[in-house]
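Student: just to be clear, the model below is a prediction. Sequence and coordinates:
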Amino acid sequence: MLTKLNLEEMKDNLEKAKELNAEVRDFVRKNADKLFERLEKEEDKRAPR
């Protein structure tokens, strides 16, 4: 099952995720914008025309 998240909601949830260590949170935060852009490009490629 795939889930699509809003970037800002994901960032807010990341701040609340105390189970993740600081290193993981920092990595995700630093790379979130780039990863969401890649996801959008992939979705565009797979969209029916």
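Tutor: That came in fine, so what should we check first?

Student: now do the SS call for residue 18.
Tutor: coil (DSSP: H, G, I helix; E, B strand; the rest coil).

Student: any idea how far it lies from residue 37?
Tutor: 28 Å (C-beta to C-beta, to the nearest Å). The C-beta positions use only the backbone N, C-alpha and C, and glycine is treated the same way.

Student: over to residue 9?
Tutor: 17 Å.

Student: same check, this time on residue 28
Tutor: From residue 28 over to residue 37 the distance is 15 Å, taken as C-beta to C-beta.

Student: and residue 19, by the same measure?
Tutor: Distance of residue 19 to residue 37, given as C-beta to C-beta: 26 Å.

Student: so these two - more neighbours on which side?
Tutor: More neighbours surround residue 37 than the other of residue 19 and residue 37, with 11 against 6 (other C-beta atoms under 10 Å).

Student: quick check: which element contains that one?
Tutor: helix 22-46 (DSSP states H and E).

Student: name all residues that make contact with the residue nearest in space to the middle of the chain.
Tutor: Centroid check for the chain by C-alpha atoms, centre = their mean gives residue 32 as the closest residue, at 4.9 Å. Contact analysis of residue 32 by C-beta atoms under 8 Å, 6 or more residues apart in numbering lists 7, 10-11, 14.

Student: do the same with residue 17
Tutor: If you count contacts by C-beta under 8 Å, 6+ apart, residue 17 has them with residue 25.

Student: could you do residue 31 as well?
Tutor: Taking C-beta under 8 Å, 6+ apart, one finds nothing in contact with residue 31.

Student: if I look at it, how far off is residue 37?
Tutor: 10 Å.

Student: now stretch 13-28: mean pLDDT?
Tutor: Averaged over stretch 13-28, pLDDT sits at 78.
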